[in-house]
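Peer 1: sequence below, structure please.
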Amino acid sequence: MQGAGTALHELLVSAQRRGCLTAGVYESAKLMNVDPDNVAFCVLATDQEDEGDIALQIHFTLIQAFCCENDIDIVRVNDVAKLAAIVGPSEESGEPRDLHCILITNPNEEGWKDPALEKLNLFCEESRNVNDWVPTITLPE
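Peer 2: Just a heads-up that it's a prediction; the model follows:
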């Protein structure tokens, strides 16, 4: 699906604007442990140098298992720098954040339906139909 990267970009911008974005492996794990029903979507991101990070790969395996068990759609992105350009630094401290795992949560507003989230859910469903359980998305330039 060509538009998956664009849909992910739109979803990240929208979720951040609404305060529905959690960034960081540890922050995401804590949120999934406390309130898994509130998680709508998961993004795992790596760069070339992260491929050899065994601890990060173990975290990814556990997060993927948790997402599969709780019916949370999940995708991979192979460009942390593009994610950083979209999401930006932490609003509280202005420091760069850990963007290896990003969760999109359901906002408190009833009836909020993000068309980008719906496109990504469909993309993930189509990927699972061809046994690609964690599809990789390329973000647009």
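Peer 1: give me phi/psi at the spatially most central residue of the chain?
Peer 2: By CA atoms, centre = their mean, the chain has its centre lying nearest to Val43, at 2.0 Å. Per-residue torsions, Val43: phi -120, psi 130 (degrees, to the nearest 10).
Peer 1: for it, which non-adjacent residue is closest in space?
Peer 2: Residue nearest to Val43 in three dimensions, not counting chain neighbours: Ile102, with 4.3 Å by CB to CB, 6 or more residues apart in numbering. C-beta coordinates here come from the backbone N, C-alpha and C atoms, glycine included.
Peer 1: what are the bridge partners for that neighbour, then?
Peer 2: Beta bridges link Ile102 to Ala23, Val43, judged by DSSP bridges.
Peer 1: the chain: strands as residue ranges?
Peer 2: For the chain, the strands defined by DSSP state E occupy 21-23, 39-45, 73-77, 101-105, 136-137.
Peer 1: ok, which of these comes nearest Ala55?
Peer 2: Taking CB to CB, strand 101-105 is the member of those nearest to Ala55, at 12.9 Å.
Peer 1: so how far is the closest one from its chain's centroid?
Peer 2: 5 Å (CA atoms, centre = their mean, to the nearest Å).
Peer 1: for Thr138, which non-adjacent residue is closest in space?
Peer 2: In space, Thr138 is closest to Gly5, 5.0 Å off (CB to CB, 6+ apart).
Peer 1: if I look at that neighbour, how far off is Ala116?
Peer 2: The gap separating Gly5 from Ala116 is 11 Å, by CB to CB, to the nearest Å.
Peer 1: report the separation between the closest residue to Thr136 other than its chain neighbours and Asp37.
Peer 2: With sequence-adjacent residues excluded and distances taken as CB to CB, 6+ apart, Thr136 is closest to Arg76, at 4.5 Å. According to CB to CB, Arg76 and Asp37 sit 23 Å apart.
Peer 1: who has more neighbours, the two?
Peer 2: Between Arg76 and Asp37, counted using other CB atoms under 10 Å, Arg76 has the larger neighbour count: 15 against 10.
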